[in-house]
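1. The sequence isn't on hand, but the structure is:
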């Protein structure tokens with residue numbers, strides 16, 4: 001059976017990685033250098049219009065993924081403790 005705790009944990013880790021990647025592109029010149037290398041340096045002034053809202057969305061997704069993961073952990077712990085008490 002698929003364990004929901006592992007599924008939510010994987011989603012949380014993916015959200016952290018995405019948030020980190022977007023933050024890295026927002027606060028360092030990595031993306032500007034990459035865009036310049038491929039010849040699209042004309043769009044660099046507009047990157048903030050995309051990156052900052054994307055960062056906000058990824059932060060919200062990360063928070064929500066963490067909340068769901070912790071909720072499943074709590075429910076699993078409560079279920080296990082009830083099983084132990086009933087035994």
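-> Sure, I can see it. For clarity, every value in this text was computed on a predicted model and none was experimentally measured.

2. May I see the buried residues of the longest helix belonging to the chain?
-> Counting residues, the longest helix found in the chain (DSSP state H) is helix 47-86. Residues of helix 47-86 classed as buried by neighbour count (16 or more other C-beta atoms under 10 Å): 51, 54-55, 58, 61-62, 65-66, 68-69, 72. For glycine as for every other residue, the C-beta is placed from the backbone atoms N, C-alpha and C.

3. Closest one to residue 21 out of those residues, please.
-> Among these, residue 58 lies closest to residue 21 (C-beta to C-beta), at 8.4 Å.

4. correct me, but that closest one touches residue 17?
-> No: using C-beta atoms under 8 Å, residue 58 is not in contact with residue 17, being 9.6 Å away.

5. just to revisit the earlier point, for the longest helix of the chain, enumerate the helices and strands it packs against.
-> Applying 3 or more C-beta pairs under 8 Å, 6 or more residues apart in numbering; DSSP states H and E, one finds that helix 47-86 contacts helix 4-27, helix 30-37.

6. These: which one's closest to residue 80?
-> Nearest to residue 80, of all those, is helix 4-27, at 11.5 Å by C-beta to C-beta.

7. That closest one - contacts with which helices or strands?
-> Judged by 3+ C-beta pairs under 8 Å, 6+ apart, helix 4-27 is in contact with helix 47-86.

8. report the angle between the axes of the helix it packs on and helix 4-27?
-> Angle between the axes of helix 47-86 and helix 4-27 is 160 degrees (criterion: axes from the mean of the first three to the mean of the last three C-alpha atoms, to 10 degrees).
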